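K.L.:
no letters, just coordinates:
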């Protein structure tokens, strides 16, 4: 069964708008999110309210962040608008920590993310991860595959490492292009990202982890003894029990953490080389 109200809005290309319209898929997503009355839920990009309306049936209030003023005007006409706390803001610069203090508890974030900002937004949210209970997002299938990829997989890269460092990630649903309007050229996936409570990973400085992975995957086809030679000598890699002849895609997250912590201890001497 397909929603008809989407004809009222012309999608704006620069916002990457593809609206979810299949009601069965919408109900499956709501079931996966499983919202509870006393939780603080935040929807990024309510769009035409495909998820917003059924969520409001289960909640007393819902926080929404929307950058398109035309969509906000449509929202104001809906019967459930009184339950919304609306921010006319860019989700990529929004202060989620403020919501934590205003609502006195962890926040749950969800949304059908525009494909053109999804990766940037997830990385931005990691910077505020201490106030997040979980995140449930619709993503391009390719991005979801990168999030969950393991070493040796062609999709494994910097995004995989940083994401899995912060969160446990699960693919919840596979979504057909036909469930959207306009119909995108790619398949979508609905995923859950839950911050680790007892993390299997530890680094002294996540910025150093980010630096190492960035350099390594810029030259992903090179052996580590070449791609990381400004940071680590071959002798150091061997000392850290990392094969210098392996490539970036073959190194585990734990090994990248080991490299990061070594560099943290010796950075004043080594970082001058970069």
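P.N.:
Great, that's in hand. Please read all numbers here as calculations on a predicted model, not as lab measurements. Numbers count the residues shown, from 1 in each chain.
K.L.:
alpha carbons only for contacts and neighbour counts from here, please
P.N.:
Fine.
K.L.:
strands of this protein, residue ranges please.
P.N.:
19-20, 40-44, 62-65, 84-87, 107-112, 132-140, 167-175, 180-181, 188-195 (DSSP state E).
K.L.:
closest one to residue 244 among those strands?
P.N.:
strand 167-175 (28.1 Å; CA to CA).
K.L.:
domains of this protein: list them as residue ranges, please.
P.N.:
Split into domains by automatic domain parsing, the chain comes to 5-195, 206-273.
K.L.:
coming back round to it: any chance of the strands of the chain in CSV with distance to residue 217 and mean pLDDT as columns?
P.N.:
Shown next, in CSV, are these (distance: least, CA to CA, whole Å; pLDDT from 0 to 100):
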stretch, distance to residue 217, mean pLDDT
strand 19-20, 33, 90
strand 40-44, 30, 98
strand 62-65, 33, 98
strand 84-87, 37, 98
strand 107-112, 28, 97
strand 132-140, 21, 98
strand 167-175, 21, 98
strand 180-181, 33, 89
strand 188-195, 23, 98
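K.L.:
can you tell which of these is closest to residue 78?
P.N.:
strand 84-87 (10.5 Å).
K.L.:
mind pulling up the pLDDT for residue 231?
P.N.:
Looking at residue 231, its pLDDT is 94.
K.L.:
look at it and say how many residues are nearby.
P.N.:
Applying other CA atoms under 10 Å, we find 22 residues neighbouring residue 231.
K.L.:
list phi and psi for it.
P.N.:
phi -110, psi -40 (degrees, to the nearest 10).
K.L.:
and for the one 10 residues further on?
P.N.:
The phi and psi torsions at residue 241 (degrees, to the nearest 10) take the values phi 60, psi 40.
K.L.:
going forward, begin numbering at 18 instead of 1
P.N.:
Sure, I'll start numbering at 18, so the last one becomes residue 258.
K.L.:
distance check, it against residue 217.
P.N.:
19 Å (CA to CA, to the nearest Å).
K.L.:
from residue 230, how far off is residue 252?
P.N.:
For residue 252, the distance to residue 230 - CA to CA - is 20 Å.
K.L.:
between the two, who's got more neighbours?
P.N.:
Applying other CA under 10 Å to residue 252 and residue 230 shows that residue 230 carries more neighbours, namely 25 against 12.
K.L.:
isn't residue 100 right up against residue 75?
P.N.:
No: counting by CA atoms under 8 Å, residue 100 stays clear of residue 75, with 10.7 Å between them.
K.L.:
so how far is stretch 239-247 from its chain's centroid?
P.N.:
Averaging C-alpha positions (CA atoms, centre = their mean, to the nearest Å) puts stretch 239-247 29 Å from its chain's average.
K.L.:
contacts for it, please.
P.N.:
Residues outside stretch 239-247 that contact it (CA atoms under 8 Å, 6 or more residues apart in numbering) are 229, 232-233, 236-237, 249-251, 254, 261-265, 287, 290-291.
K.L.:
is it possible to mark the buried ones in those residues?
P.N.:
Buried by 16 or more other CA atoms under 10 Å: 229, 232, 233, 237, 249, 251, 254, 261, 264, 265, out of the contacts of stretch 239-247.
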